[in-house]
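> fold the stuff below for me.
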Amino acid sequence: MEQTELVFIPFPIIGHLASALEIAKLITQRDPRFSITIIIMKFPFESIDGMDTDSDSIRFVTLPRLEVSSRTAPSGLFLSEFLNAHIPLVRDAVHELTRSNSVRLAGFVIDMFCTHMIDVADVFGVPSYLFFSSSAAFLGFLLHLQFLHDYEGLDFNEFKDSGAELEVPSFANSVPGKTFPSLMIDKESGGAEMLLYHTRRFRQVKGILVNTFIELESHAIQSLSGSTVPAVYPIGPILNTQMGSGGGQQDASVIMSWLDDQPPSSVIFLCFGSMGSFGADQIKEITYGLEHNGHRFLWSLCQPPRKDKMEFQSDYENIEEVLLEGFLHRTARIGKVIGWAPQIAVLAHSAVGGFVSHCGWNSLLENVWYGVPVATWPIYAEQQINAFQMVKDLGLATEIKIDYNKDNDYVVSAHEIENGLRNLMNIDSEVRQKRKEMQKISRRVMIDGGSSHFSLGHFIEDMVANIPCKQQRRYT
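Next comes the predicted model:
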């Protein structure tokens, strides 16, 4: 029997890889005609561990690690060079996959940052689909700003360090320029050109899978239903269930044992993602804020990467060196400072009553799924605009900061932190009640009859209809 094969090309960091794997599982479970090959590229500076599946319908092809000359170049230029360098390797891997006459290639599912690979799909004469791992609102934001830039001459730099706001169809409220991704308004990074390149290519795919659900982002999803945007399929929440790199089972065991000893809903969990590190001044203010607030806390504190290297953060060898003298002793009864954290397991624990988050989209969806109230403290990328949406548009989060950015010199004061933590743990808040309701909805949408279950089925039907009748067996 002819095998129908999908090729997944995720962005090579654990959050994107794990989400791609979860989508692959959903597709193969829904329709056994499909098998999926996930092609893994490797950054020069990161080790990817723990990608595995017990499904016979999913396999991984790991490409050789390539050294890219622009390792210390601006990030937009580096990523473009990195992806272009992998095009021949991806093409060869897919060619090897399709050499058998019993394999029918259905198409490529490409990460939002891997749109260079649309060219490879074109070589094989098959359609491309996009996996957009952030919110539908942010997808609409990118598409709207790309249109304004290309056709109305909008200069993104107008929003740098200004109080200007912009009406964006996918947001209910005008979006402050201070929440725009810093990549977009930093000329030296090459980020604006990179985002514009990818967004233009979004319009070339057959459909866009978005990690969200209609009930969470009804306004944004409705705004995307137009003839100039490919079909949008909200299929989330797709949760990142991989533990990721940087920690281990022993670390997790110690953390979970500590949580087991805490009362229900009493602990504030502070965790800022794979690049969420702080300087000494900010760490000092957090320690003051935690100590004066008095709530129990679990704080994931990591060491920043060196500025001259493209690498991810790591655990401190001696965490006491960066904390206020005596802080660990004074808070020993109520708090624990750790490095890497098993975020999913912590959020699922009954002792956790609040989450101070960097507002990465995966983390926000995990928050919704486990019903843990969140206080926003964005760090980089699109996290500021995610924080704005959660607080202002959806009313599902409280605020420590919305427009904090790791590249600015601003230090959030202990007073701001203390107030934010107090609001976060207010058990009578409207935000807390809304989040409980959204948690229930998030569980329903993924089962038979739910909106995301239906949307995934719709995507599979459309994908089957788009499979080319004749396969291109050769390429140059």
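
> all contacts plus neighbour counts: C-alpha atoms, from now on.
Fine.

> helix or strand for I344, which one?
With secondary structure defined by DSSP states H and E, I344 is part of helix 343-348.

> now swap in Y233 and tell me
strand 231-234.

> adjacent strands (with direction) for that strand?
Strand pairing for strand 231-234, using DSSP bridges, gives strand 207-210 (parallel).

> which other residues reach the partner strand?
Contacts of strand 207-210 from elsewhere in the structure, counted by CA atoms under 8 Å, 6 or more residues apart in numbering, are 128-136, 202, 230-236.

> export it as PDB, just CAs?
Extracted in PDB, the C-alpha atoms of strand 207-210 (Å, rounded to 0.1, in the frame of the first residue of the first chain):
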ATOM      1  CA  GLY A 207      -2.700  26.800   5.100                       C
ATOM      2  CA  ILE A 208      -1.500  28.000   8.500                       C
ATOM      3  CA  LEU A 209      -1.700  25.800  11.600                       C
ATOM      4  CA  VAL A 210      -1.800  28.000  14.700                       C
END
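
> mind giving me the packing neighbours of whatever helix or strand comes next after it?
Counting by DSSP H and E, the next helix or strand C-terminal to strand 207-210 is helix 218-223. Packing partners of helix 218-223 (3 or more CA pairs under 8 Å, 6 or more residues apart in numbering; DSSP states H and E): helix 136-152.

> so which other helices or strands are in contact with the following helix or strand past the helix it packs on?
Using DSSP H and E, the next helix or strand after helix 136-152 towards the C-terminus is strand 165-166. Here strand 165-166 touches strand 175-176, going by 3+ CA pairs under 8 Å, 6+ apart.

> returning to that earlier point: and the contacts of the strand holding Y233?
Against strand 231-234 from outside (CA under 8 Å, 6+ apart): 206-214, 221, 224-225, 452, 455-456, 458-459.

> let's go with 10 Å and repeat that
129-132, 135-136, 203, 205-215, 217, 221-222, 224-226, 451-459, 462 (CA atoms under 10 Å, 6 or more residues apart in numbering).

> quick one: mean pLDDT over it.
In this model, strand 231-234 has a mean pLDDT of 97.

> from here on, count from 620
Okay, residue one is now 620; in that scheme the one you just asked about reads as strand 850-853.

> ok now it, how far from the chain's centre?
Relative to the centre of its chain, strand 850-853 is centred 18 Å away, using CA atoms, centre = their mean, to the nearest Å.

> and what of stretch 849-857?
The chain centre lies 14 Å from the centre of stretch 849-857; the measure is CA atoms, centre = their mean.

> what do you get for stretch 782-796?
The answer for stretch 782-796 is 22 Å, by CA atoms, centre = their mean.

> cool, and stretch 884-895?
Distance, centroid of stretch 884-895 to centroid of chain: 16 Å (CA atoms, centre = their mean).

> which parts of it are buried?
Neighbour-count burial for stretch 884-895 flags 884-895 (criterion: 16 or more other CA atoms under 10 Å).

> of those residues, closest to G1039?
The closest of the buried residues of stretch 884-895 to G1039 turns out to be I887 (CA to CA; 11.3 Å).

> pretty sure the closest one sits in a helix.
No: I887 is assigned strand when assessed by DSSP: H, G, I helix; E, B strand; the rest coil, not a helix.

> longest helix of this protein?
helix 694-716 (DSSP state H).

> which SSE is immediately downstream of that one?
strand 722-730.

> strand partners of that next one, parallel vs antiparallel please.
strand 622-628 (parallel), strand 747-751 (parallel).

> for the ones you listed, which one sits closest to A791?
That would be strand 747-751 among the strands paired with strand 722-730, by CA to CA, at 20.6 Å.

> got the buried residues for the closest one?
Buried residues in strand 747-751, counting neighbours by 16+ other CA under 10 Å, are found at 747-751.

> swap in stretch 784-798?
787-790, 794-798.

> using CSV, write out the CA atom coordinates for that stretch.
Taking C-alpha atoms only, stretch 784-798 is exported to CSV below (Å, rounded to 0.1, in the frame of the first residue of the first chain):
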residue,chain,number,x,y,z
GLU,A,784,0.0,53.1,19.4
LEU,A,785,-1.2,51.3,16.3
GLU,A,786,-4.6,49.9,15.5
VAL,A,787,-4.2,46.2,14.5
PRO,A,788,-7.2,44.2,13.3
SER,A,789,-6.2,41.1,15.3
PHE,A,790,-6.2,43.1,18.6
ALA,A,791,-9.2,44.5,20.3
ASN,A,792,-7.2,47.4,21.7
SER,A,793,-4.6,49.6,20.0
VAL,A,794,-1.1,48.1,20.4
PRO,A,795,1.5,50.3,22.1
GLY,A,796,4.8,50.7,20.2
LYS,A,797,6.6,49.8,23.4
THR,A,798,5.3,46.2,23.1
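
> average pLDDT across it?
For stretch 784-798, the per-residue pLDDT averages 96.

> swap in stretch 1032-1047?
The model assigns stretch 1032-1047 a mean pLDDT of 93.

> still on that earlier bit, let me know the closest of the buried residues of stretch 884-895 to Y989.
Comparing the buried residues of stretch 884-895 against Y989 with CA to CA picks out S884 as the nearest, at 12.1 Å.

> residues in contact with the closest residue to that closest one other than its chain neighbours?
Excluding the flanking residues, the one nearest S884 by CA to CA, 6 or more residues apart in numbering is G972, at 3.7 Å. Listed by CA under 10 Å, 6+ apart, the contact set of G972 reads 882-888, 915-916, 966, 990-993, 1043-1046.

> and those residues, which of them are in strands?
Within the contacts of G972, residues falling in strands by DSSP state E are 886-888, 915-916, 993.

> neighbours of I1086, how many?
When counting by other CA atoms under 10 Å, one arrives at 17 neighbours for I1086.

> pLDDT weak spots in the stretch 720-869 of the chain?
Within the stretch 720-869 of the chain, the set of residues satisfying pLDDT under 70 comprises 720, 806-808, 860-869.

> also the stretch 970-1095 of the chain?
Residues of the stretch 970-1095 of the chain meeting the criterion pLDDT under 70: 1089-1095.

> ranges for the helices of it?
980-989, 1002-1007, 1033-1043, 1049-1063, 1070-1085 (DSSP state H, counting those that start in this stretch).

> now do the contacts for Y1023.
797-798, 977, 995-999, 1002-1003, 1006, 1029-1031.
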